[in-house]
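Asker: sequence and predicted structure are below.
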Amino acid sequence: MLRSFASVLAVSAVLIGGVACRADGLIPRPFSDASESGELPDGGVSVDSTSPAVTRLRPELLRAVRAAAVDALADDLDIRITSGWRSRSFQQTLFDDAVRTYGSEREAARYVAAPGVSKHVTGEAVDVGPTDAADWMSRNGSRYDLCQVFANELWHYELVPGGDCPDLLPDASSL
Ligand SMILES: [Zn+2]
């Protein structure tokens, strides 16, 4: 009995050792599998985060968001990225959840774009927060070529070179 307990301890130590190696960065996977799909924690992350949701955004979009964030800080607003690049499967999961919540694909599409049309999947859209930061972006984003796209999504921005933002679409089902 004692002997088998000891061997369990030994195995545990090996497992813990393996995890420690990962934490030490010997295996270059600092983020969980969830973040690999583009998931972010509640409240989002800094614009300088190295999470895939941020680093897999189109470089010119990320540059614009970072420039806006620097200027927003002067107004005491901390712009956080609440969602950025998403894997196709993560977008599908979000869409499926919305279908369950809203009862039909048609209604769900007003709130979550289907994977085939979502600009998050191509790294061309970013969601920002909290609300006061999103509000700042809705008023100042065009200075950085960042445009709100949907009337019902104050937080969702896409890059429009020239900053001449088109009229808002009612919601994502207009795509
Ligand atoms: Zn969005």
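Answerer: All right, it came through fine.
Asker: leaving out chain neighbours, which residue sits closest to the closest residue to the ion within the chain?
Answerer: Going by C-beta to the ion, the ion is nearest to His156 of the chain, at 3.4 Å. (C-beta placed from N, C-alpha, C; glycine too.) Among residues not flanking His156 along the chain, Asp127 sits closest, at 5.3 Å (C-beta to C-beta, 6 or more residues apart in numbering).
Asker: wait, the residue of the chain closest to the ion touches Ala125, no?
Answerer: Yes - with contact defined as C-beta atoms under 8 Å, His156 and Ala125 form a contacting pair (6.1 Å).
Asker: what's the first helix or strand after the lowest-mean-pLDDT helix or strand in the chain?
Answerer: Of all helical and strand segments in the chain, the minimum by mean pLDDT, DSSP states H and E falls on helix 2-23, at a mean of 41. Next along the chain after helix 2-23, taking DSSP states H and E as the criterion, comes helix 33-36.
Asker: starting at the chain centroid, how far to that following helix?
Answerer: In terms of C-alpha atoms, centre = their mean, to the nearest Å, the centre of helix 33-36 is set 11 Å apart from its chain centre.
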